[in-house]
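> give me a model of this one.
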Amino acid sequence: MRAARYPETVASPAIDDYLKTIYHHTEWQDDRITPSQLAGELGLAPSSVTEMVQKLAAQGLVTHRPYGPVSLSEAGELRAAAIIRRHRLIETWLVREFGYAWDEVHDEAEVLEHAISDRLLEGIDERLGRPRFDPHGDAIPDAAGHVHREPFVLLAAAPVGHVGRVLRVSDRDPELLRAVESAGVSVGATVTATDAAALRIGTASVSLPDAAAHAVWLSACRRAVRGRNSRRGFRGRNSRRGFRGRNTPHASRDPACRATRSATPRWARRPRGRNTPHASRDPACRATRSAHPRSARRPEAATRLAGSGVATRRTRRAIPRVAPPEARVRRRSRPRGS
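A predicted model of the protein is given here:
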């Protein structure tokens, strides 16, 4: 399989940096990047970024409307995946073959990704055994630009007690990478979230810098995940209940709850409505209803009750509005001309 080549556009390191930054922004969350955010990421003036975005849109690499966010087009995403593939393969190569630490490879890869040829890149990929992830846990796109990524959750959003593998550690801050490594946390390690910036590895508790809460990603529950890059990650991640079955036992599995349920009639455990059981299943209501015959609860009985002066909304609705016989006779005997 040959390495992915750039689309037929002008090769430029500046264009590659723009496309790579836009790709990075939406890789682990769904919000699209704005020109002001893009200027902050690249350290450039907003006017320069706006001008470059217009050029990229003219080349068909991005889609953008005035004062709106920027997103990659199909051609732009293919080109961004190609340059990111180069970057991450070089990082993996430097760590495995040359003994670089994972906090040292980013700057070296930034220089080499624009210099190596496609043939050398293919040789590196084959020698490394076609890895799927770089040393920081970021997915390496394949030669066709496809990315294989499993469901994830940010450490800051993981509920207490969540168990998962460390999928990724952001490589933006080398000092943070060294702090995470010194704490014994590595990509692929199984950990338990105990706080926004604390983990438990086996029986040992590990404290991380506060910045690690938004720089470490864990594997999420696969059956509860919604969407590919969903901000919620999995159902219940940001909810107060957490997710059902892990933090709170199911009622049928709680011995105290089962004892209570066995002492309570079934009709009382399945109430109709919110706070009160159905009237036909209430013993007091059944005793009251049994004292009145069924005929007294029908509309015919309402007609008899009307003569005794009892007038309720139900009886008024059930009484037919029929004129007395005397009124009908007088109406028929009235001459037509009168």
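> the strands in the stretch 1-150 of the chain, which residues?
Using DSSP state E, counting those that start in this stretch, the strands found in the stretch 1-150 of the chain span residues 62-64, 70-72.
> packing partners of the last one?
Taking 3 or more C-beta pairs under 8 Å, 6 or more residues apart in numbering; DSSP states H and E as the contact definition, the neighbouring helices and strands of strand 70-72 are helix 13-25, strand 62-64. Bear in mind the C-beta positions are built from the backbone N, C-alpha and C, glycine included.
> and those as a markdown table, adding mean pLDDT, mean neighbour count and distance to residue 78?
A markdown table is the format used below for these (pLDDT from 0 to 100; neighbours: other C-beta atoms under 10 Å; distance: least, C-beta to C-beta, whole Å):
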| stretch | mean pLDDT | mean neighbour count | distance to residue 78 |
| --- | --- | --- | --- |
| helix 13-25 | 92 | 19 | 10 |
| strand 62-64 | 93 | 19 | 13 |
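> nearest to residue 142, of these?
helix 13-25 (15.1 Å; C-beta to C-beta).
> before we move on, back to that, using JSON lines, lay out the strands of the stretch 1-150 of the chain together with distance to residue 105.
JSON lines is the format used below for those (distance: least, C-beta to C-beta, whole Å):
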{"stretch": "strand 62-64", "distance to residue 105": "28"}
{"stretch": "strand 70-72", "distance to residue 105": "25"}
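> for residue 34, which of those is the nearest?
strand 70-72 (7.1 Å).
> mind listing what's buried along the closest one?
Residues of strand 70-72 classed as buried by neighbour count (16 or more other C-beta atoms under 10 Å): 70, 72.
> out of the helices and strands packed on strand 70-72, the one nearest residue 166 is which?
Using C-beta to C-beta, these put helix 13-25 closest to residue 166, at 19.2 Å.
> so residue 164 versus residue 132, what's the distance?
In this view, residue 164 and residue 132 are 18 Å apart by C-beta to C-beta, to the nearest Å.
> can you check residue 168 too?
In terms of C-beta to C-beta, residue 168 sits 12 Å off from residue 132.
> equivalent analysis for residue 169, please.
Applying C-beta to C-beta, the value for residue 169 to residue 132 is 16 Å.
> would you mind telling me which of these two has the busier surroundings?
residue 169 (25 against 14; other C-beta atoms under 10 Å).
> ok, that one - contacts?
In this structure, residue 169 makes contact with 136, 137, 176, 177, 180, 185, 187, 215, 216, 217, judged by C-beta atoms under 8 Å, 6 or more residues apart in numbering.
> out of those residues, who's nearest residue 40?
Distances from residue 40 to the contacts of residue 169, taken by C-beta to C-beta, are shortest for residue 215, at 17.4 Å.
> how about residue 165: what's its closest non-neighbour residue?
Distances taken as C-beta to C-beta, 6 or more residues apart in numbering put residue 219 closest to residue 165, at 4.5 Å, once the chain neighbours are dropped.
> what's near enough to touch that neighbour?
Neighbours of residue 219 in contact, by C-beta under 8 Å, 6+ apart: 150, 151, 152, 153, 164, 165, 167.
> mark which of the residues you listed are buried, thanks.
151, 152, 153, 164, 167.
> residue ranges with poor pLDDT in the stretch 201-338 of the chain?
Low-confidence segments of the stretch 201-338 of the chain, defined by pLDDT under 70: 221-338.
> in a strand, that's where residue 166 is, yeah?
Yes - counting by DSSP: H, G, I helix; E, B strand; the rest coil, residue 166 falls inside a strand.
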